[in-house]
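*Asks:* no sequence for this one, just the structure:
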């Protein structure tokens, strides 16, 4: 081809190269955010082994970022610049409020998403140099996913000479003090409060909408119905939470009594059973036998360890009935009051519209707050909740209009 001739494939090649560079720049940003996140969490970690694992993961993320930066430059792109938070995702409200375990859980999910995203790029990029990096990075990300899962389950790993070594002391302490794993985390009460507010808001918003439709927004009737519904919902939620927590505790105590009797009748079988549980979790048979023999020196420790494995909980992990009742009742009452408030000051259509706006804003806020205990984005969760509330309000308002017309 002559030097000055036009190559018809040039625009296509340029577009393809821009697409590849955009994907690699996104990969670089994600790896750098992971690096800063792991580093920040490691600095806050009080457990030396977990801090070491998090620093290892941070170093791996930085290595991945360097690979992407080098490839971007090789393809003629500019050296990327990090535009995210200096602490990565470690400083997000969800990570702060949910506690360290929730932060690790979100990172575990992020790693799985990265693996899926990189897997898609393997098919779509069509660039041999980038594909070679992808294959290497995917294997590392899979290992990171496994390591985070191990941290979440309490099986911390230290790194030495490129090999993973089980932290035997930490694992033994976990088995000897199993009840510590069952304690409620910060995310637990946050979740209870959010769902209580959600229940109260949804139920009373429906009542207020329906009565408003039936009475053309008559403040007197809406207030009576709304306040009565609020009291009923709060008492129902509180008593339900109390009974549920009490029943859970009673069932646990009954099962614990059965386990105590089984150990008394056949202690050797109980020790064998507990050893098998630990072997299934990954302990070598010899180590499992050693741990069980150590626990068997104290019958109560053996009982609690075996009950924890069989019942998947511990006494400290059970909810306290009166705390559950109080939390459920108060949070439900708070959510239930929101749609009623405008009718203290207004009446007619203006009150109905104001109540709808305030309630939908509250629906969005509650939905966004749910992201503190889930791994969904706050805006998706918020809009989903708002849509549900809007449909609920529209349907109940229409039914109220029909009933009001029918009653007239």
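*Replies:* Ah, there it is. Please read these numbers as outputs of a predicted model, since none were measured by experiment.

*Asks:* Can you report phi and psi for residue 73?
*Replies:* The phi/psi pair for residue 73 (degrees, to the nearest 10) reads phi -70, psi -40.

*Asks:* Quick check, it in contact with residue 67.
*Replies:* No. Look at residue 73 against residue 67 with CB atoms under 8 Å: they stay out of range, at 11.2 Å. Where C-beta positions appear, they are placed from N, C-alpha and C, glycine not excepted.

*Asks:* Looking at these two, which one has more neighbours?
*Replies:* More crowded of residue 73 and residue 67, by other CB atoms under 10 Å: residue 67, with 19 against 12.

*Asks:* Distance check, the more buried one against residue 130.
*Replies:* 10 Å (CB to CB, to the nearest Å).

*Asks:* Residue 140 now?
*Replies:* Taking CB to CB, one finds residue 140 at 15 Å from residue 130.

*Asks:* Between the two, which is the more surrounded one?
*Replies:* Between residue 140 and residue 130, residue 130 has the larger neighbour count (other CB under 10 Å), namely 23 against 17.

*Asks:* Quick one: residues contacting that one.
*Replies:* 20, 23, 24, 71, 121 (CB atoms under 8 Å, 6 or more residues apart in numbering).

*Asks:* which SS class is it?
*Replies:* Under the three-state scheme (DSSP: H, G, I helix; E, B strand; the rest coil), residue 130 adopts helix.

*Asks:* quick thing: my sequence starts at 14, can you match it?
*Replies:* All right, first residue 14 from here; so that's residue 143.

*Asks:* and the gap between it and residue 76?
*Replies:* Distance from residue 143 to residue 76, by CB to CB: 16 Å.

*Asks:* Counting by contacts, list what the longest helix seen in the chain packs against.
*Replies:* Ordering each helix of the chain by length in residues (DSSP state H) puts helix 232-278 first. Other helices and strands packing on helix 232-278, by 3 or more CB pairs under 8 Å, 6 or more residues apart in numbering; DSSP states H and E, are helix 199-228, helix 280-293, helix 312-324, helix 334-350, helix 355-358, helix 361-382.

*Asks:* and that helix with helix 334-350, angle?
*Replies:* Relative orientation of helix 232-278 versus helix 334-350 (axes from the mean of the first three to the mean of the last three CA atoms, to 10 degrees): 160 degrees.

*Asks:* Just checking the distance from helix 232-278 to the centre of its chain.
*Replies:* The chain centroid and the centroid of helix 232-278 are separated by 24 Å under CA atoms, centre = their mean, to the nearest Å.

*Asks:* Identify the spatial nearest neighbour of residue 296, chain neighbours not counted.
*Replies:* Excluding its sequence neighbours, the residue lying closest to residue 296 (CB to CB, 6 or more residues apart in numbering) is residue 304, at 7.1 Å.

*Asks:* For residue 310, see how far away that neighbour is.
*Replies:* Here the criterion is CB to CB. By it, residue 304 lies 11 Å from residue 310.

*Asks:* and those two? which has more neighbours close in?
*Replies:* Between residue 304 and residue 310, residue 304 has the larger neighbour count (other CB under 10 Å), namely 20 against 8.

*Asks:* angle of the helix or strand containing the more buried one against helix 280-293?
*Replies:* Using DSSP states H and E, residue 304 maps to helix 298-309. Computed with the same axes, to 10 degrees, the direction of helix 298-309 lies at 130 degrees from that of helix 280-293.

*Asks:* quick one, helix 298-309 and helix 312-324 angle?
*Replies:* Relative orientation of helix 298-309 versus helix 312-324 (the same axes, to 10 degrees): 130 degrees.

*Asks:* quick one: buried residues of helix 298-309?
*Replies:* Neighbour-count burial for helix 298-309 flags 300, 301, 302, 304, 305, 308, 309 (criterion: 16 or more other CB atoms under 10 Å).

*Asks:* Could you measure from the last one over to residue 334?
*Replies:* With distances defined as CB to CB, the gap from residue 309 to residue 334 amounts to 33 Å.

*Asks:* Kindly report the same for the fifth one.
*Replies:* For residue 305, the distance to residue 334 (CB to CB) stands at 33 Å.

*Asks:* Look up phi and psi at residue 151.
*Replies:* The phi and psi values for residue 151, taken as degrees, to the nearest 10, are phi -60, psi -40.

*Asks:* show me the contacts for it.
*Replies:* Applying CB under 8 Å, 6+ apart, we find residue 151 in contact with 128, 131, 132, 135.

*Asks:* Let me have the helices and strands packed on helix 232-278 in JSON lines, extended by mean pLDDT.
*Replies:* JSON lines is the format used below for those (pLDDT from 0 to 100):
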{"stretch": "helix 199-228", "mean pLDDT": "74"}
{"stretch": "helix 280-293", "mean pLDDT": "81"}
{"stretch": "helix 312-324", "mean pLDDT": "78"}
{"stretch": "helix 334-350", "mean pLDDT": "86"}
{"stretch": "helix 355-358", "mean pLDDT": "88"}
{"stretch": "helix 361-382", "mean pLDDT": "84"}
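
*Asks:* who wins for proximity to residue 261 among those?
*Replies:* Residue 261 sits nearest to helix 334-350 of all the helices and strands packed on helix 232-278, at 8.9 Å, using CB to CB.

*Asks:* Counting by contacts, list what the closest one packs against.
*Replies:* If contacts are counted by 3+ CB pairs under 8 Å, 6+ apart, helix 334-350 sits against helix 199-228, helix 232-278.

*Asks:* Identify each buried residue in that helix, please.
*Replies:* For helix 334-350, burial by neighbour count (16+ other CB under 10 Å) applies to 334, 337-338, 340-350.

*Asks:* Looking at these, spot the one nearest residue 367.
*Replies:* Among these, residue 350 lies closest to residue 367 (CB to CB), at 14.3 Å.

*Asks:* give me every residue that touches that closest one.
*Replies:* By CB under 8 Å, 6+ apart, the contact set of residue 350 is 213, 217, 243.

*Asks:* ok, and for the helix or strand hosting residue 54, which residues are buried?
*Replies:* For residue 54, the host element (DSSP H and E) is helix 23-57. For helix 23-57, the buried set under the neighbour-count rule, 16+ other CB under 10 Å, comprises 33-34, 36-38, 40-55.

*Asks:* Check what pLDDT the residue nearest to residue 296 gets.
*Replies:* The model reports residue 304 with a pLDDT of 82.

*Asks:* That one touches residue 294, doesn't it?
*Replies:* No. Here residue 304 lies out of contact with residue 294, judged by CB under 8 Å, at a distance of 10.8 Å.
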